[in-house]
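Student: below is the sequence, then the predicted model.
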There are 4 protein chains.
Amino acid sequence: MNKINVGIIGVGRMGRIHLDNLVLKFPEVNVVAISDVLESSKSLAEQYNVPNFYTDYRDLISNPDVEAVVICSPTDRHAENILAAVTAGKQVFCEKPMDLSLETVQELEDIIEASGVKFMLGFNRRFDPNFKKIKSLINEGKVGEPHIVKITSRDPAPPPVSYIKSSGGMFVDMTIHDFDMARFMAGSEVKQVFAVGKNLVDPEIGKAGDIDTAVITLTFENGCIATIDNSRQAVYGYDQRVEVFGSAGMAGTTNNTPDNHYYYDKNGQSGPLPLNFFMDRYIDSYYNEMREFIDCLNKNEKPNVGAKDGMVSLAIGIAANISMKENRVVALEEITEKNVSVSS
Amino acid sequence: MNKINVGIIGVGRMGRIHLDNLVLKFPEVNVVAISDVLESSKSLAEQYNVPNFYTDYRDLISNPDVEAVVICSPTDRHAENILAAVTAGKQVFCEKPMDLSLETVQELEDIIEASGVKFMLGFNRRFDPNFKKIKSLINEGKVGEPHIVKITSRDPAPPPVSYIKSSGGMFVDMTIHDFDMARFMAGSEVKQVFAVGKNLVDPEIGKAGDIDTAVITLTFENGCIATIDNSRQAVYGYDQRVEVFGSAGMAGTTNNTPDNHYYYDKNGQSGPLPLNFFMDRYIDSYYNEMREFIDCLNKNEKPNVGAKDGMVSLAIGIAANISMKENRVVALEEITEKNVSVSS
Amino acid sequence: MNKINVGIIGVGRMGRIHLDNLVLKFPEVNVVAISDVLESSKSLAEQYNVPNFYTDYRDLISNPDVEAVVICSPTDRHAENILAAVTAGKQVFCEKPMDLSLETVQELEDIIEASGVKFMLGFNRRFDPNFKKIKSLINEGKVGEPHIVKITSRDPAPPPVSYIKSSGGMFVDMTIHDFDMARFMAGSEVKQVFAVGKNLVDPEIGKAGDIDTAVITLTFENGCIATIDNSRQAVYGYDQRVEVFGSAGMAGTTNNTPDNHYYYDKNGQSGPLPLNFFMDRYIDSYYNEMREFIDCLNKNEKPNVGAKDGMVSLAIGIAANISMKENRVVALEEITEKNVSVSS
Amino acid sequence: MNKINVGIIGVGRMGRIHLDNLVLKFPEVNVVAISDVLESSKSLAEQYNVPNFYTDYRDLISNPDVEAVVICSPTDRHAENILAAVTAGKQVFCEKPMDLSLETVQELEDIIEASGVKFMLGFNRRFDPNFKKIKSLINEGKVGEPHIVKITSRDPAPPPVSYIKSSGGMFVDMTIHDFDMARFMAGSEVKQVFAVGKNLVDPEIGKAGDIDTAVITLTFENGCIATIDNSRQAVYGYDQRVEVFGSAGMAGTTNNTPDNHYYYDKNGQSGPLPLNFFMDRYIDSYYNEMREFIDCLNKNEKPNVGAKDGMVSLAIGIAANISMKENRVVALEEITEKNVSVSS
């Protein structure tokens, strides 16, 4: 077997997950290079026996041994990293979002498309065993035509306000996953968006110009309607559920829990809470998405989550922001035609 | 104990439920009169040992023995029945809706308020043991401030198209229960409404000018957001669920089922479907609401579901219709100020 | 329709349940007579419009209008009541047990068999919707050959010690239901019994010569093995579960609860406890068993729970007592051949 | 940090699980040697960068670098391996059972005790997150005094008959896990054993002198009673459940499943089956038990599952065999005094 030589740009929280998976669970992969702006990350390269470490990602891309690049840098460096990697003819896996400017994302999409390189965007939730199971039930026709998609997506606690200020807003930072999930489940494209957002959890979030609670309604070209509800703070943990109702049946999933115990006493029946955060809940999905990327490289196939998915989900996020602020329905084509960016 | 003398106007499907409960389960009540336009209903009076039967409801109201009237006639007779009963100084329980014209409902509300009679509207779902339990958890502070209310309300099969034509539309005929439930759970009044409705189940329903699938977003004065999803046809049965998410926790209920079995074989795990329709699912709620009405009469207290609740839920239904048709957000005060009726 | 004229002997707790059901839910039945040793029970007869009340059950049996007798007297009067009713040619429904002496039960069984009257014993749990569902899955072949039957049967609190002293012991008083259930589910007859009993809940029960905690193993002629676990005190309520494992699958049921709520907060997930006692849990089964009895009378069919079922379950109870006391396996034929009574 | 140098004897199915965990997930461990009778296993050593490979386990034990030995050889080599490792002063982790002869196990226990080495036996299920959670609820006093322990332990399919012939019988091969679990949950020692075993799944198993279906009752010194039910073939998968009922409450767990989906259509509600076999179900427990062993070495503490646990569980297995064959209750001291071996 010819091993695939991979380089990883950025080994923060997400980069380490991918590094660990690629080194330990992908015998067909050689991680040959790591780059990170922090010199201290060099120890990670040593720990995982990665032969090359750079503080400048351009050195990693210049390394002719590197065939595929996994981009885990901060969001505001993604566009630059993608452009360099694609231009150098590398295959690319990139954490979402590609960028917060829709125009930039569309430009990147065109460049990627023209280049012919494989490009996969890290919408990992599509690879979660629960959501994959729902999707496979849909694909088998068990749900029939999807009529209503219900997504509940709530974080256990809000991020620091400092983070929120530069996040692009909850719709683009957090709900963007749910927008992709709604498209994935509906099997159709969004026509219009209506969003209600509130600041109910922490007034500091409101002062920073963001919301922490929202309900979004999406209508799809095939007639399906999706309702997404978000909160930045579910005191009982990370609440991640999807339910799809259709002409032939309904498929959904409950949350994952650390164990399956039940307990009864004179006060009532009790049981476990959901797994507390995305590192636990989605641990399998990170492996599965990387498996998809590597398999696509090996089989010379196009990954099924690409730049366009990033572009559309970003557009929906931008539409949701406008809908909320102007308290009106926003047609998606309003956004995609105008190339509105998040900050507008 | 002084027994309360009750008369029942209309002994169709709902009238029979109340008749049976009042005769068999309310030792403190005497059902002294029944009226029904069908002469053949006289046999019901005989079967239940009810001494007086009339084909004209005015005879029932004229009977001085009748202290309280239970109105179960067709919707288009409710206003007339209420007016006559209230004018005659009878206590009144009325099946919902009071009327399909908001103006009429508001007039009735004023008359009832001025009369000082007890008036209770049959929003029976508030008395369902599941939903009562959620409400009591909210009242105990277990949920904290309500942030998101999720209501799933789906019928097992659509009514005949002939019925749909005169129903006032799905929002007023079916969703009106969910509007009341959302208000009950949010503990606040609706500010604005956004509704998406589709005809996905049966083209005949669309031809009759109605929809069969919908998602409605309500925003409340206290900041709470509600999302309601409806379908006229859930192939797996009558799906009636409510979930309330708040600052301190989340409370919800699953469906009721005919039994609690589970079964495992090599093909998977299976279990029971929801109870199939409202007569089974809400059987306890019909008893409980009548218990509330009778207890209020005995304790000389005002029932906690009155004419105003009927008025507001109808207004929300009308707003939902306009929102859907005009594809825009509708503030509730738009409706309540204009006294728009369903057919407008 | 010719109505069936029924007389009820004994209107204590169980008698009232049957009285209420027969009067209110069986239009094809006339309850024509009640007998009870307490003169004060006459008011019940009046309340339900039953024309005849006697303090001596023999007067009820002598009444030629009475076609069927429902025996709800104390256990030590059952044999006498049955004998008189059968001798008079009445159809008989009798609460269990028929008697605590196996010899007496066998004599009654012979007399009933010879008389040709319909006789049904009140093993109501066979008519519980949950257990009926399991049985119907077995009958449909979904479970295959039954291999293991698991019965958990625990009371919420022990009865008064005064009651326990005259109860015949836990196996005959409480587990006898489970013995019948095990036979019902295994679809076979018991060959041998092994019982372990402990006094763990209340030392007063031990002083009264009884146990409050037990595990019993039954082996059946068809190879099936049943394990029953009992406690007189489950602090979380009335725990009544059955699970049947077989060559083709497994069927079981969870407990019934007053509602189907769930609640999540930072401390965990919680939900409802089981319904607290048999009056609530088995309310449907009392109706269903009476429905079976009345239907059998109308269709001139033999009820499917008869004197033999009472005899066999009593024999198993006696075997369990001997097994526990002598700490050894007891073959059921040891008991049935010797006609051992409970007190031996 | 001083790394602990570990050698692994036997790299079959279980040895590979431990090898993989130790190399990839235990940064404080160096796996310095592997031995396996198959020369072909050398490639595993190379794959995991283990510097020493031997076909003779004595060479591994002679290697002065090896501080701790993980024994994963076939059962009939365990005693020899343990003896050699303990004699050489190595710390020992050994897969269960230590041996099928109770006399041998007792001799080993004495030798280990005298030697002062750390010895841990691989009763991995104690480290399963579900069962650990039950145990922790017991330890917190949430269950009170344990009264009844229910263990359901069923394999998805029987092993080959050739395996069964040399397995020592189902009680020693399969139920031995459940015996340990019962002791773990009851928190007490077994006094007596009663076992019923049947050959219901496959006649070939019966011809080989073994059973495939059983119910075992254990009574404990503290009054607790345990009931274990086993089958070699649950068509719906690997069924592993434990429930503990006590004076203050009940704790139990359902099975683990590959996902948490639910599906409803007109035919019913369905969901996932249990994870299919022990490699999936108990994957976490293998890591957790090794974590316990390594932590004990680092902290110089005695592991909480030692030779005595192996001895007692084997004795219970032997008692169960005698109980079944002689159809009688067997006191455990009958076995421990006589040093009966499995084959007797």
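Tutor: Structure's in. What do you need? None of the values given here were measured: they were computed from a predicted structure. Numbering: from 1, shown residues only, chains lettered A, B, ... in the order given.
Student: helix, strand or coil: sort out A:Lys132 for me.
Tutor: helix (DSSP: H, G, I helix; E, B strand; the rest coil).
Student: could you count how many residues lie near it?
Tutor: The number of residues packed near A:Lys132 is 19, by other C-beta atoms under 10 Å in any protein chain shown. C-beta here means a position set from N, CA and C on the backbone, and glycine is covered the same way.
Student: same check, this time on the one 10 residues further on
Tutor: Other residues within reach of A:Lys142, judged by other C-beta under 10 Å, total 19.
Student: try A:Glu103
Tutor: When counting by other C-beta under 10 Å, one arrives at 12 neighbours for A:Glu103.
Student: so A:Ile151, which of the three states?
Tutor: Criterion first, three-state DSSP; result for A:Ile151: strand.
Student: residues in contact with it?
Tutor: By C-beta atoms under 8 Å, 6 or more residues apart in numbering or on different chains, the contact set of A:Ile151 is A:Asp178, A:Met181, A:Ala182, A:Met185, A:Ala226, A:Thr227, A:Ile228, A:Asp229, A:Arg241, A:Val242, A:Glu243.
Student: among those, which lie within strands?
Tutor: Within the contacts of A:Ile151, residues falling in strands by DSSP state E are A:Ala226, A:Thr227, A:Ile228, A:Asp229, A:Arg241, A:Val242, A:Glu243.
Student: what's the most distant pair in those?
Tutor: Using C-beta to C-beta, those span at most 13.3 Å, a distance reached by A:Ala226 and A:Arg241.
Student: what about the two, which has more around it?
Tutor: Shown here are A:Ala226 and A:Arg241; by other C-beta under 10 Å, A:Ala226 has more neighbours (29 against 18).
Student: any idea of the pLDDT on that one?
Tutor: A:Ala226 carries a pLDDT score of 98 in this model.
Student: for A:Ile8, which non-adjacent residue is spatially closest?
Tutor: Nearest residue to A:Ile8, sequence neighbours excluded (C-beta to C-beta, 6 or more residues apart in numbering or on different chains): A:Val70, at 4.7 Å.
Student: just for the stretch 1-150 of chain A, where's the confidence low?
Tutor: Within the stretch 1-150 of chain A, the ranges that satisfy pLDDT under 70 run A:1.
Student: repeat the analysis, applying 80 as the threshold.
Tutor: Applying pLDDT under 80 to the stretch 1-150 of chain A picks out residues A:1-2.
Student: now A:Pro51: phi and psi?
Tutor: Here is the backbone geometry of A:Pro51 (degrees, to the nearest 10): phi -70, psi -30.
Student: can you tell me the element the spatially closest residue to it that is not a sequence neighbour falls in?
Tutor: Take A:Pro51 and drop its neighbours on the chain: the residue closest to it by C-beta to C-beta, 6+ apart is A:Val32, 6.1 Å away. According to DSSP states H and E, A:Val32 maps onto strand A:29-35.
Student: tell me what the next helix-or-strand element following that strand is packed against?
Tutor: Note on strand A:29-35: by DSSP H and E, the next helix or strand toward the C-terminus is helix A:42-47. Packing partners of helix A:42-47 (3 or more C-beta pairs under 8 Å, 6 or more residues apart in numbering or on different chains; DSSP states H and E): strand A:52-54.
Student: residues of the strand it packs on that come out buried?
Tutor: A:Asn52, A:Phe53, A:Tyr54 (16 or more other C-beta atoms under 10 Å in any protein chain shown).
Student: of these, which ones also sit close to chain C?
Tutor: The subset of the buried residues of strand A:52-54 within reach of chain C, by C-beta under 8 Å from any C-beta of the partner chain, is empty.
Student: with respect to C:Tyr287, which of the residues you listed is nearest?
Tutor: Lowest distance from C:Tyr287 to these (C-beta to C-beta) belongs to A:Phe53, with 76.9 Å.
Student: list the contacts for that closest one?
Tutor: Applying C-beta under 8 Å, 6+ apart, we find A:Phe53 in contact with A:Ala33, A:Ile34, A:Ser35, A:Asp36, A:Ser41, A:Lys42, A:Ala45.
Student: circling back: neighbouring strands of the host helix or strand of the residue nearest to A:Ile8 in the sheet, and parallel or not?
Tutor: Using DSSP H and E, A:Val70 maps to strand A:68-71. Strand A:68-71 pairs in its sheet with strand A:4-9 (parallel), strand A:91-94 (parallel), by DSSP bridges.
Student: skipping adjacent residues, who's closest to A:Lys3 in space?
Tutor: Spatial nearest neighbour of A:Lys3, chain neighbours left out: A:Asn30 (4.7 Å); criterion: C-beta to C-beta, 6+ apart.
Student: now A:Glu145: closest residue in space, sequence neighbours ignored.
Tutor: Of all residues not flanking A:Glu145 in the chain, A:Ser247 sits nearest, at 4.5 Å (C-beta to C-beta, 6+ apart).
Student: can you point out the buried residues in stretch A:60-78?
Tutor: Buried positions in stretch A:60-78, judged by neighbour count with 16+ other C-beta under 10 Å: A:60-61, A:63, A:66-73, A:75, A:77-78.
Student: residues of chain A that sit close to chain C?
Tutor: Within chain A, the positions near chain C by C-beta under 8 Å from any C-beta are A:234-237, A:264-266, A:268-273.
Student: just the ones in helices from these, please.
Tutor: Counting by DSSP state H, no part of the residues of chain A next to chain C is found in helices.
Student: identify, from those residues, the entry nearest to B:Asn256.
Tutor: Comparing the residues of chain A next to chain C against B:Asn256 with C-beta to C-beta picks out A:Gln269 as the nearest, at 17.2 Å.
Student: circling back to that earlier point, okay, the strands paired with strand A:68-71 in JSON lines with mean neighbour count next?
Tutor: Output for the strands paired with strand A:68-71, formatted as JSON lines (neighbours: other C-beta atoms under 10 Å in any protein chain shown):
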{"stretch": "strand A:4-9", "mean neighbour count": "25"}
{"stretch": "strand A:91-94", "mean neighbour count": "24"}
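Student: before we move on, back to that, need the residues touching each of A:Ala226 and A:Arg241.
Tutor: Jointly contacting A:Ala226 and A:Arg241 under the rule C-beta under 8 Å, 6+ apart are A:Lys150, A:Ile151.
Student: now do the contacts for the residue nearest the centre of chain A.
Tutor: Residue closest to the average C-alpha location in chain A (C-alpha atoms, centre = their mean): A:Phe123, at 3.4 Å. Neighbouring residues of A:Phe123 by C-beta under 8 Å, 6+ apart: A:Lys96, A:His177, A:Asp180, A:Phe184, A:Glu289, A:Val305, A:Asp309, A:Gly310, A:Ser313.
Student: which of these sits closest to C:Ile138?
Tutor: Nearest to C:Ile138, judged by C-beta to C-beta, of these is A:Phe184 at 41.5 Å.
Student: wait, the closest one sits on A:Phe127?
Tutor: No - look at A:Phe184 against A:Phe127 with C-beta atoms under 8 Å: they stay out of range, at 10.5 Å.
Student: sorry, back to before: what is the nearest of the residues of chain A next to chain C to chain D?
Tutor: Nearest to chain D among the residues of chain A next to chain C is A:Asp265, at 3.4 Å by C-beta to the nearest C-beta.
Student: using PDB, list the CA coordinates for stretch A:38-45.
Tutor: Only the C-alpha atoms of stretch A:38-45 are listed here, as PDB (Å, rounded to 0.1, in the frame of the first residue of the first chain):
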ATOM      1  CA  LEU A  38       3.400  28.400  18.400                       C
ATOM      2  CA  GLU A  39       7.000  27.100  18.600                       C
ATOM      3  CA  SER A  40       5.900  25.100  21.700                       C
ATOM      4  CA  SER A  41       3.800  22.900  19.500                       C
ATOM      5  CA  LYS A  42       6.900  21.200  18.300                       C
ATOM      6  CA  SER A  43       6.700  18.800  21.200                       C
ATOM      7  CA  LEU A  44       3.500  17.400  19.800                       C
ATOM      8  CA  ALA A  45       5.300  16.600  16.500                       C
END
